[in-house]
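Enquirer: Predicted model, plus sequence, below.
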Number of protein chains: 2
Amino acid sequence: MGLQSVPRSAAPAGVQATARMQTSGAGTDGRRRVLIEHVRPEIDGGRFPIKRVVGDRVDIEADVFVDGHDVLAVRLLYAEEGAPFVEVPMVARGNDVFAASFAVPRCGRYRYTVEAWVDAFATFRHGLMKKVAAGQDVRVELLDGGRLVAAAAARAAGEDQHLLAALARELEGELGTMQERAARVLDEPIAAAIARHPDRSLSPRHARELSVVVDPPEARFSSWYEFFPRSCGRDAHGTFADAERMIPYVVELGFDVIYLPPIHPIGVQYRKGRNNTLVAGPGDPGSPWAIGAAEGGHTAVHPSLGTVADFERFVRAANEAGIEVAIDIAFQASPDHPWVKEHPEWFHERADGSIQYAENPPKKYQDVYPFAFDGDAWLPLWDALRDVFLFWVRRGVHVFRVDNPHTKPLSFWEWCLAEVKRIEPRAVFLAEAFTRPKVMLGLAKRGFSQSYTYFTWRTTKTELETYLGQVTGGDAAEVMRPNFWPNTPDILPEELQHGGRPAFLRRAVLAATMSSNWGIYGPAFELMEHVPRPGSEEYLDNEKFELKRWDLDRSDSLRHVIARLNRIRRENPALQANRNVAVHRTDDDFVVAFSKRSDDGESIVLTVVLLDGHHPHGCWLDLDLAALGVADDETFQVHDLLGDGRWQWHGRRAYVHLDPRVMPAQVFRVRKFVRNETGFEYYT
Amino acid sequence: MGLQSVPRSAAPAGVQATARMQTSGAGTDGRRRVLIEHVRPEIDGGRFPIKRVVGDRVDIEADVFVDGHDVLAVRLLYAEEGAPFVEVPMVARGNDVFAASFAVPRCGRYRYTVEAWVDAFATFRHGLMKKVAAGQDVRVELLDGGRLVAAAAARAAGEDQHLLAALARELEGELGTMQERAARVLDEPIAAAIARHPDRSLSPRHARELSVVVDPPEARFSSWYEFFPRSCGRDAHGTFADAERMIPYVVELGFDVIYLPPIHPIGVQYRKGRNNTLVAGPGDPGSPWAIGAAEGGHTAVHPSLGTVADFERFVRAANEAGIEVAIDIAFQASPDHPWVKEHPEWFHERADGSIQYAENPPKKYQDVYPFAFDGDAWLPLWDALRDVFLFWVRRGVHVFRVDNPHTKPLSFWEWCLAEVKRIEPRAVFLAEAFTRPKVMLGLAKRGFSQSYTYFTWRTTKTELETYLGQVTGGDAAEVMRPNFWPNTPDILPEELQHGGRPAFLRRAVLAATMSSNWGIYGPAFELMEHVPRPGSEEYLDNEKFELKRWDLDRSDSLRHVIARLNRIRRENPALQANRNVAVHRTDDDFVVAFSKRSDDGESIVLTVVLLDGHHPHGCWLDLDLAALGVADDETFQVHDLLGDGRWQWHGRRAYVHLDPRVMPAQVFRVRKFVRNETGFEYYT
């Protein structure tokens, strides 16, 4: 039904028609019959871009349909920002779903949308084939077809035009027998020639253009090592030159991002003493997050660390070792920050003329002045803050850890991060927001490349399984990339306070295998620092407020296990993304098992972790074989990349034994059995 | 943090600011810090309205949040079409979700959106209370508060202005002790007065206005009875006067909508004979769906049925008996339709000048001409088709069954149905689209009030349970109202061909209790007509092509059971909507159990149906007691409204016994045990 046998000219316009189109939602013409809905992925109706990394393919689906049974032509349109759209045919997947994909070879933004139209000739050809097969008289149909061919000829040029015009004349002149004419019009090359010149005058485009932000690979796969350069000195306050000596150590541990707490001059007024006391002692260095002093603010370097040039040298040295340097951007000022005098209008003024310090009543943080992001002077302030990022971009930094972004307007971040990425498309931003779920997701939507997570407090089997699902599934996974940290200078979780070596090991394994991004605050982590300030989740004698001396060569250090974990991550692509995650049932509430599989199916890693730090457990796994890409009756090998043991498994039930005093986890590479050309059998 | 202690004047405008706002997505000002997301219900980003019926409350939720910890004021804005917004405070439900609701007392369209702002005084007051409680010096805070009070006074008028201005002066003048001033500013009436005059200069509104279409109650709860008036004659072609005699029968059966197949003149050319044969015999009446003859088209009445005035009389008689009359709108023409001559431009012309008939190659339907909805003359054609609806609206019809809407452009329906509803807001449209799921949903989104469904072919336990979930849950349930039909003149499903009386009974019970809208094609259904044209799902000697004589008084008629089913539906509000549906596990693959509960929890109906038509089954149910509103340790009564038996149940395991030769279903009213004031215990 509704067969459109004649190409049509433009509709009569007019007020009445316009009203009709608006009411019908049909865009510019009520005759646009094709409907395009639910182009996906799509976040909040296209309000926010999805995220990918360089080298990905972006898979797009859309629901496209029309009344009746006409044949549709559906195109994916995509473009790098600033470039014109490229078209890709979308393929019908059944149930009115069409699919196509495009590659994103460069950092930056791409946009995509979908366009579709009724393919009148394909519809005609489809019907004609059936009628011819049924031996019907198709003389009138061939004349109808002649009109379609003539119309296509009018749209064509060159050889196609020649070919189609000739055929149109044949059909119009009723040359040859009916059978001959039918054969001519059903000819494949004719269909191809007409498909090259479709009538798209009534082809609707999806109402929205969607976009994807393409980040460098380290936005999705990265291993972070945080340390305080000031603790790297041999006898005194460490310098960037001292910190350079840490680089080989970090390389040995296998991390690829060094993250430094703020490197700026530290305020003197209201400086905090050791253990966060209100009054600093004479030698106390203060918290690096109390930014700004006489020597400068967010674009200066603490004099005891060195100069900006020293910092640049450190960055180069790290880069040469294959490591990116991330700095900490904390948008707040100490009372001594130069901006307090230069730009009092960038802060909140109290009624007595003083500047409003941070507070969480009744607590006061008199060493910290928040910026007035929504003050009268917001425009120059926002510019200045963006320029802080750009200053460090020019010094070789493109990875930023952003402090407490959830206490600044999200509209600021959306603008600022986009501005920075416009200049440095490789920029990566890690949001340090431990706050309510919707605010964390809101920050991710507005441009943060990675996010700290609740992993730090997810410890039981149910919590871990649920959380793994939350961070790897659904719309959230399109915008929010988790970065799992077992500890930070701010957080010594209870699990690590009391759990001893097994707790440190299992938290490292969980973080490094559940999430493609992970990080530790070292050397506190690998040296299993675990004493809290009583009744708190904070470290006793916290490095935030004093210099520390770490004995990296201590015999009980976890450095070798961590090095192995990072090597496993590098060598197994399955662990470099958070897709194709599956949780596997186990018969033991203290044993959690989950797997990841690379998109090409080649890399499969199954992690099994014992959550009981005290007793050995033997346990049956109930494997989801489909998720592992293994057939029900297939024998396969699991190779524990941590302990180097190998087992042959068959079927979905498998037994594991874990002893927390030895190693509370197994990270299995799943190896499939293959036979080579000479008949020799081996595991991949 | 980010405490905003001073009300601010407008920001400096300018090109730079504008660019910033666009990039930041912050609307007109980067200082709009509050974020409003995911206002719901929302269909396709607000592209389509949700649906409710008169008397409903519309529950709205939104995610609203701001950086930091400021106190938010959130308002739901709603309005009847054409009226200004009314505001309702939204209440925090935790996790940044805010909720409110509004009533929809009239048919038509309402719109809604959300607005929110930082409540600077409430934030200040919250902090001040904590500081006062901690015994801190708050002298500067009180001056800050004075500024807020003065600003509120400037926005206020009348008594509030007087009150606030006086307090501002007290605070500014530092009159009285600090404690006295603090008590004054913390005074509840002051907070209330300030809340009446908020600073909304930076309050963002949700980017979209959403809408709800409010239909008459019968859009959600209706029982349809379809019959052919031409079969109601005593010895000849029935008339509307004959059909009037059916009204008491339909009342007895408890239906509230009579649906008549097309009542128009029937074409003569290519008229179909009995059993859909290509050539009609001399006495064959033809298919009512071959619309139009010399006597007229879509606004005429078949002369053998009577006149338009006779039809109006029939409608009045039905209305007086409490029944609505639905007519069939089939937008297609027989070759004899007056429009074929008057408006050949409303049809597709073939190359030989003939008009294109309907076809599904190689099948030809030469008795049916489709309209050219996307032809050059689409504008006047669309008007004429809309006028068909309006013609019958003026004759007392407001319920329409629309034939094959999926073969006409969906943009046409969106426009046309809205146009009709603009004139007759009570209009109800049932879409007869048995087609692909996305097209069916697409029609519902574009204005159809009810939809035929796949129920007709859902027969196994798994199919029924899955389908019940699909039609009652998720976004689809916001726009698509199912209408369950066990049979239609087009469909005699296999289940009814071979299943005998138990099959008819169980299909009636399933349709009438699963869906708040149901219907049957009678008297074929209650008389258990079950012989198909061989190898088909069509009735043998189909009433579509011939007059029938039905013996309504046959002793095996299901009329009494159907009457009871419809009475149960009327008396139990749980069955008048499709919300609060729960499927209950049973220990038998042939026993399906599901319940519905009214929003107020007063009406609870549990339906248990045996799908085996041959053998009695005893079966344990595993009840979802929470869904029934029953406590784990509560004794409750179930009252089978079909068989009138009563049982006391306790706990989640309950036993049922069903004999298909007696009645293959039980429809239990769940009665809770209550104690009245005198201590007498009884079941509700």
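Expert: Noted; the coordinates are in hand.

Enquirer: Endpoints of stretch A:205-222, how far apart?
Expert: 38 Å (C-alpha to C-alpha, to the nearest Å).

Enquirer: Next: stretch A:605-614.
Expert: Span of stretch A:605-614 from end to end, C-alpha to C-alpha: 26 Å.

Enquirer: for that stretch, which positions count as buried?
Expert: A:605-613 (16 or more other C-beta atoms under 10 Å in any protein chain shown). Every C-beta, even on glycine, is put in place using the N, C-alpha and C of the backbone.

Enquirer: Report the distance from it to the chain centre.
Expert: Relative to its chain's centre, stretch A:605-614 lies at 27 Å (C-alpha atoms, centre = their mean, to the nearest Å).

Enquirer: Okay, domains of chain A per the record?
Expert: A:13-116+A:203-213, A:121-195, A:218-573, A:581-683 (automatic domain parsing).

Enquirer: closest to residue B:568 out of these?
Expert: Among those, domain A:13-116+A:203-213 comes nearest to residue B:568, with 36.5 Å by C-beta to C-beta.

Enquirer: now the buried residues of stretch A:605-614 as a markdown table including secondary structure, pLDDT and distance to residue A:524?
Expert: Formatted as a markdown table, the buried residues of stretch A:605-614 follow (DSSP: H, G, I helix; E, B strand; the rest coil; pLDDT from 0 to 100; distance: C-beta to C-beta, whole Å):
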| residue | secondary structure | pLDDT | distance to residue A:524 |
| --- | --- | --- | --- |
| A:605 | strand | 98 | 28 |
| A:606 | strand | 98 | 30 |
| A:607 | strand | 98 | 24 |
| A:608 | strand | 98 | 27 |
| A:609 | strand | 98 | 22 |
| A:610 | strand | 98 | 24 |
| A:611 | coil | 98 | 22 |
| A:612 | coil | 97 | 24 |
| A:613 | coil | 96 | 19 |
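
Enquirer: which stretch in the domains of chain A has the least confidence?
Expert: Within these, confidence is poorest for domain A:13-116+A:203-213, with a mean of 88 (mean pLDDT).

Enquirer: Could you pull up phi and psi at the nearest residue to residue A:373 once chain neighbours are set aside?
Expert: Sequence neighbours aside, residue A:409 is the residue nearest to residue A:373 in space, at 5.0 Å (criterion: C-beta to C-beta, 6 or more residues apart in numbering or on different chains). Main-chain torsions, residue A:409, degrees, to the nearest 10: phi -60, psi 140.

Enquirer: Measure how buried residue A:409 is and give me the count.
Expert: Neighbourhood size, residue A:409 [other C-beta atoms under 10 Å in any protein chain shown]: 26.

Enquirer: Can you give me the pLDDT of residue A:6?
Expert: 33.

Enquirer: Nearest the geometric middle of chain A, what residue?
Expert: Geometric centre of chain A, nearest residue: residue A:481, 4.4 Å, by C-alpha atoms, centre = their mean.

Enquirer: Where do the strands of the stretch 451-600 of chain A begin and end?
Expert: A:483-484, A:517-521, A:581-586, A:591-597 (DSSP state E, counting those that start in this stretch).

Enquirer: Pick the most deeply packed of those strands.
Expert: strand A:517-521 (a mean of 27; mean count of other C-beta atoms under 10 Å in any protein chain shown).

Enquirer: Parallel or antiparallel, list what pairs with that one.
Expert: Paired with strand A:517-521 in the same sheet, following DSSP bridges, are strand A:222-226 (parallel), strand A:483-484 (parallel).

Enquirer: Can you list the neighbours in contact with that strand?
Expert: A:220-227, A:255, A:257, A:259, A:450, A:481-489, A:508, A:511-512, A:526, A:562 (C-beta atoms under 8 Å, 6 or more residues apart in numbering or on different chains).

Enquirer: I'd like the distance between the closest residue to residue A:442 other than its chain neighbours and residue B:67.
Expert: Spatial nearest neighbour of residue A:442, excluding adjacent residues (C-beta to C-beta, 6+ apart): residue A:410 at 5.4 Å. Counting by C-beta to C-beta, to the nearest Å, the separation of residue A:410 from residue B:67 is 6 Å.

Enquirer: Mind listing the shared neighbours of the two?
Expert: A:439, B:33.

Enquirer: which of the two has more neighbours?
Expert: Regarding residue A:410 and residue B:67, a neighbour count based on other C-beta under 10 Å identifies residue B:67 as having more, with 28 against 24.

Enquirer: Might you report the residue contacts of that one?
Expert: Residue B:67 touches A:406-410, A:439, B:2, B:33, counting by C-beta under 8 Å, 6+ apart.

Enquirer: Residue A:198 is in contact with residue A:74, isn't it?
Expert: No: with contacts counted by C-beta atoms under 8 Å, residue A:198 stays clear of residue A:74, the gap being 11.5 Å.

Enquirer: the more surrounded of those two?
Expert: residue A:74 (22 against 18).

Enquirer: that older thread, okay if I get the strands paired with strand A:517-521 as JSON lines plus distance to residue B:169?
Expert: As requested, the strands paired with strand A:517-521 are exported to JSON lines (distance: least, C-beta to C-beta, whole Å):
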{"stretch": "strand A:222-226", "distance to residue B:169": "54"}
{"stretch": "strand A:483-484", "distance to residue B:169": "54"}
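
Enquirer: Distance check, the closest residue to residue A:471 other than its chain neighbours against residue A:463.
Expert: Spatial nearest neighbour of residue A:471, excluding adjacent residues (C-beta to C-beta, 6+ apart): residue A:482 at 4.3 Å. In this view, residue A:482 and residue A:463 are 14 Å apart by C-beta to C-beta.

Enquirer: who's more crowded, those two?
Expert: residue A:482 (26 against 15).

Enquirer: Tell me the spacing between the more buried one and residue A:578.
Expert: For residue A:482, the distance to residue A:578 - C-beta to C-beta - is 7 Å.

Enquirer: cool, and residue A:72?
Expert: 34 Å.

Enquirer: Contact residues of the stretch 251-400 of chain A facing chain B?
Expert: A:348-352, A:354, A:356, A:358-362, A:370, A:373-376, A:378-379, A:382 (C-beta under 8 Å from any C-beta of the partner chain).
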